[in-house]
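Colleague: This is a predicted model, with the sequence first.
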Amino acid sequence: CETGHKGYKFLSLPRILYHLKNKEIISVKSGWEHSIAQDKEKMLYSWGNNSCCQCAFESNENTNGNILFPKNISQLNDKNIIEISCGNEHTLALSSKGEVYSWGSTSDGVLGREIPIQREKTTGVATPGIIDYFIKNNIKIRHISSGSIHNLCLDDKSNLYSFGCSKGGQLGLDENELSI
């Protein structure tokens, strides 16, 4: 298990994350083994398992893919992020303009966007990228939510969009809709 505390693998009692102590944290989300926090200035910080780049950093073999302490996701500092959501190995962020950014695992369509093949063993994308589908169709998203391997996005007209894996029917789409 990941705790954000160096040297500990398991904690039975809560402990403060000193790396965020001087930040006014307003929102937190957790994925399977990674976490994201947002401060009052709309800055995002991530830590935990980063094997699929779900913390928005290139995976480093020297740390076994782990980010041991909260680190700022500087690529999103100027995007005015208003909501965050974590899946098992991916993360979403929503801007005040209604734009959705995704990063992490490239499997099962969880990023909601086309991913160019950069290297033979690509398992994740560290750079937050915008989900173009919503931009191209002039859709403004107002809420996001992530499951283990799927996501839901609610637009400003109360339309609900789903993407990712539909293994258990969690996308809410029938076979005809899935084959489009």
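Modeller: Cool, the structure landed.
Colleague: low-confidence ranges in the chain?
Modeller: Counting by pLDDT under 70, the chain contains low-confidence ranges at 1-9, 60-64, 117-122, 175-180.
Colleague: contacting residues for the residue nearest the centre of the chain?
Modeller: Geometric centre of the chain, nearest residue: residue 91, 0.7 Å, by Cα atoms, centre = their mean. Going by Cβ atoms under 8 Å, 6 or more residues apart in numbering, residue 91 touches 29, 31, 34, 36, 46, 54-56, 84-85, 102-104, 146. Every C-beta, even on glycine, is put in place using the N, C-alpha and C of the backbone.
Colleague: Report the beta-bridge partner residues of it.
Modeller: Beta-bridge partners recorded for residue 91 (DSSP bridges): residue 86, residue 103.
Colleague: For residue 29, give me its contacts.
Modeller: So residue 29 contacts 35, 36, 84, 85, 86, 91 (Cβ under 8 Å, 6+ apart).
Colleague: Residue 170 now?
Modeller: By Cβ under 8 Å, 6+ apart, the contact set of residue 170 is 147, 150, 162, 164.
Colleague: Closest one of the residues you listed to residue 141?
Modeller: Nearest to residue 141 out of these is residue 162 (Cβ to Cβ; 12.4 Å).
Colleague: Look at that closest one and say how many residues are nearby.
Modeller: Look at residue 162: counted by other Cβ atoms under 10 Å, it has 17 neighbours.
Colleague: so it bridges to which residues?
Modeller: Going by DSSP bridges, residue 162 is paired in beta bridges with residue 152.
Colleague: pretty sure it contacts residue 149?
Modeller: No - contact criterion Cβ atoms under 8 Å: residue 162 and residue 149 do not qualify, at 11.6 Å.
Colleague: what ranges do the strands span in the chain?
Modeller: For the chain, the strands defined by DSSP state E occupy 25-30, 34-39, 44-49, 66-72, 81-86, 90-95, 100-105, 124-130, 141-146, 150-155, 160-164.
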